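Chemist: Here is a sequence together with a model predicted from it:
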Amino acid sequence: SCFTIRYYYDDNDGNQQEKMVILSDSDKYWVKVRHMHVADAAEVIKENFEEFLQGNTAIQKIDTKTGDKTSLKEMGSALKSMPKYQETKNQYSLHFNMVSNCLDVFHDRKLSTIGNIEQNVVCGEDPREKKVSKSSILEETYSILEDETLEYLL
């Protein structure tokens, strides 16, 4: 299965750019995180990106922020690895962007609160295993339905 995703990012000059990409089974990061909870996916992507940066010593050597002197041979080696580096960096950027957008929707739509209400209704108790009353469930439900920022529910 594959999906076309449109996302926006800031280029090196700070200008917002639009990019269309296809997510498919050939994207190893997508395959790894697509069935994970969004918070878990965010953590996995972050950890993998940090490992990627640490493992790319050629790029680290020409990183201008380090202030180290770099030989022409080291720079040549680093430049040869840059297309793959840039491609991988772009993939991480895409996945960071998708996770960030998912988390924004999760928070903006108060899905955690709605999920807790659903869970309380189904289980008859709250996460602390305290029995919930019908009136408290109704009160929580009404508060969500009255929230004007959640008009998508109506």
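Modeler: Okay, I see it.
Chemist: Okay, the spatially most central residue of the chain and K28: tell me how far apart.
Modeler: In the chain, the C-alpha closest to the average C-alpha coordinate belongs to V99, at a distance of 1.8 Å (CA atoms, centre = their mean). Spatial separation of V99 from K28 under the definition CB to CB, to the nearest Å is 16 Å. In short, each C-beta sits where N, CA and C put it, glycine included.
Chemist: now swap in L138 and tell me
Modeler: Here the distance between L138 and K28 works out to 47 Å (CB to CB).
Chemist: what does N48 give?
Modeler: Using CB to CB, we find N48 at a distance of 10 Å from K28.
Chemist: quick one: which of the two has more around it?
Modeler: Between N48 and K28, counting by other CB atoms under 10 Å, N48 is the more crowded of the two (17 against 10).
Chemist: Mind giving me the packing neighbours of the strand or helix carrying that one?
Modeler: Under the criterion DSSP states H and E, the helix or strand holding N48 is helix 38-55. Helices and strands touching helix 38-55, by 3 or more CB pairs under 8 Å, 6 or more residues apart in numbering; DSSP states H and E, are helix 28-33, helix 72-108.
Chemist: who does the first one touch, helix- and strand-wise?
Modeler: Packed against helix 28-33, as judged by 3+ CB pairs under 8 Å, 6+ apart, are the following elements: helix 38-55, helix 72-108.
Chemist: between these, which one is nearest to I114?
Modeler: Across the helices and strands packed on helix 28-33, the minimum distance to I114, taken as CB to CB, is reached by helix 72-108, at 10.2 Å.
Chemist: And whichever helix or strand comes after that closest one, what does it pack against?
Modeler: As assigned by DSSP H and E, the chain's next helix or strand after helix 72-108 is helix 111-123. Judged by 3+ CB pairs under 8 Å, 6+ apart, the packing partners of helix 111-123 are helix 134-146.
Chemist: May I have the helix it packs on exported as PDB, CA atoms only?
Modeler: Output in PDB follows, covering the C-alpha atoms of helix 134-146 (Å, rounded to 0.1, in the frame of the first residue of the first chain):
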ATOM      1  CA  LYS A 134     -23.400   7.700  35.000                       C
ATOM      2  CA  SER A 135     -23.700  11.400  36.000                       C
ATOM      3  CA  SER A 136     -19.900  11.900  35.900                       C
ATOM      4  CA  ILE A 137     -19.800  10.300  32.400                       C
ATOM      5  CA  LEU A 138     -22.600  12.500  31.200                       C
ATOM      6  CA  GLU A 139     -20.900  15.600  32.700                       C
ATOM      7  CA  GLU A 140     -17.600  14.800  31.000                       C
ATOM      8  CA  THR A 141     -19.400  14.100  27.700                       C
ATOM      9  CA  TYR A 142     -21.400  17.300  27.800                       C
ATOM     10  CA  SER A 143     -18.300  19.300  28.500                       C
ATOM     11  CA  ILE A 144     -16.700  17.900  25.400                       C
ATOM     12  CA  LEU A 145     -19.800  18.500  23.300                       C
ATOM     13  CA  GLU A 146     -20.100  22.100  24.600                       C
END
